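**Q** Build the 3D model from these lines:
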Amino acid sequence: MNFYIYNLKLSANLPLQKFGLKTAPSKDTDIKVRMGATLTAIPKKTYFLDKEHSSVYIKNVAQFKVSKGRKISIFPHENVSLEEISGALLNFPIATCMSQKGFIVIHASSITKNNVTIMFCGQSHAGKSTLAYAFKKKGWEILSEDICVIEDAEIFILNSQPSIKLSSESRVFLEEKYLKNEKVLNSERRTLIHSETKNLRKKPDVCFFLSWQQKTEIKKISYSKVISHLLNYSFVTSEKKFSKQILKLFKEINFYDLDIKKNFNDLDASIELITKFTEKKFD
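**A** I've put the predicted structure just below:
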């Protein structure tokens, strides 16, 4: 079966429609996904990134081998569900594949409203998805979740699948406030569909690098620190090409550090701070 993702066609015998992907015609596939033999030994390296052949291991799920931006081979653990494999595939393995294709791929979520597009960048559990989902409930649209794929030529973010993963802490806090009527993929509300699939391309205006701190504030950031962050939070399969891509990002995006308090009761205050900052900067 073929599916649309990041404006491309992906062929896979997996239930990706459960994650909001729309089916596509069977001709002219851009990425082929194939299931391999059951994994018998845990790989020594979790990640190996290269422009030709990369490997991504997702603990207790599968090893994904990515070749030349065109093929993803999956070697699953025993007794892993196709749904678990699908969710893992749509994260780091697809990110690696898109990097091999020449896209800029950053570990970030992004939102858009009124021609303003914001990226939240950071390590896992930094609050990217929680912020994106909370902004959605304030009238913003989630453009991408956890993985931000950017066209190299004109610096446009491509929208990802319309599903979002929330941590257990986020789910507990947001359940009464937001999640009552959402379509969820399982009883634990681990992943939910947040909207209909759309074909969007948006220029990013500002990128916030997230960090848990005692005080919520937006801070200026040096060029050297931006480069360091981008290297840490990007899927780099070609360092020479990525150096050129960074220069393009500097021309298009305003970068800032965003310190946020690790307290869900302060979430609305963080949203208000970010909203006022972007309104002042881009109105």
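**Q** Name the spans of the stretch 51-200 of the chain whose pLDDT lies under the cut-off.
**A** Counting by pLDDT under 70, the stretch 51-200 of the chain shows low-confidence ranges at 172, 174-190, 197.
**Q** for it, what spans make up the strands?
**A** With strands called from DSSP state E, counting those that start in this stretch, the stretch 51-200 of the chain shows them at 53-58, 62-67, 71-76, 104-113, 116-121, 141-144, 147-150, 157-158, 163-165, 183-184, 191-193.
**Q** Looking at these, which is nearest to Lys32?
**A** strand 71-76 (5.1 Å; C-beta to C-beta). C-beta coordinates here come from the backbone N, C-alpha and C atoms, glycine included.
**Q** export the closest one as PDB, just CAs?
**A** Taking C-alpha atoms only, strand 71-76 is exported to PDB below (Å, rounded to 0.1, in the frame of the first residue of the first chain):
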ATOM      1  CA  LYS A  71      14.700   2.100   0.800                       C
ATOM      2  CA  ILE A  72      14.000   1.300   4.500                       C
ATOM      3  CA  SER A  73      14.500  -2.300   5.600                       C
ATOM      4  CA  ILE A  74      12.900  -3.300   9.000                       C
ATOM      5  CA  PHE A  75      14.300  -6.000  11.200                       C
ATOM      6  CA  PRO A  76      11.800  -6.300  14.100                       C
END
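**Q** Can you spell out which helices and strands pack onto it?
**A** strand 31-35, strand 62-67, helix 82-89, helix 92-100 (3 or more C-beta pairs under 8 Å, 6 or more residues apart in numbering; DSSP states H and E).
**Q** which other residues reach that strand?
**A** Strand 71-76 has contacts (C-beta atoms under 8 Å, 6 or more residues apart in numbering) with 31-39, 61-67, 85, 89, 93-94, 97.
**Q** sorry, back to before: for the helices and strands packed on strand 71-76, give me TSV that also has distance to Thr278 and mean neighbour count.
**A** Formatted as TSV, those follow (distance: least, C-beta to C-beta, whole Å; neighbours: other C-beta atoms under 10 Å):
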stretch	distance to Thr278	mean neighbour count
strand 31-35	34	18
strand 62-67	35	22
helix 82-89	31	20
helix 92-100	26	26
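**Q** Turn the ones you listed into JSON lines, including distance to Thr46.
**A** Shown next, in JSON lines, are the helices and strands packed on strand 71-76 (distance: least, C-beta to C-beta, whole Å):
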{"stretch": "strand 31-35", "distance to Thr46": "20"}
{"stretch": "strand 62-67", "distance to Thr46": "10"}
{"stretch": "helix 82-89", "distance to Thr46": "13"}
{"stretch": "helix 92-100", "distance to Thr46": "9"}
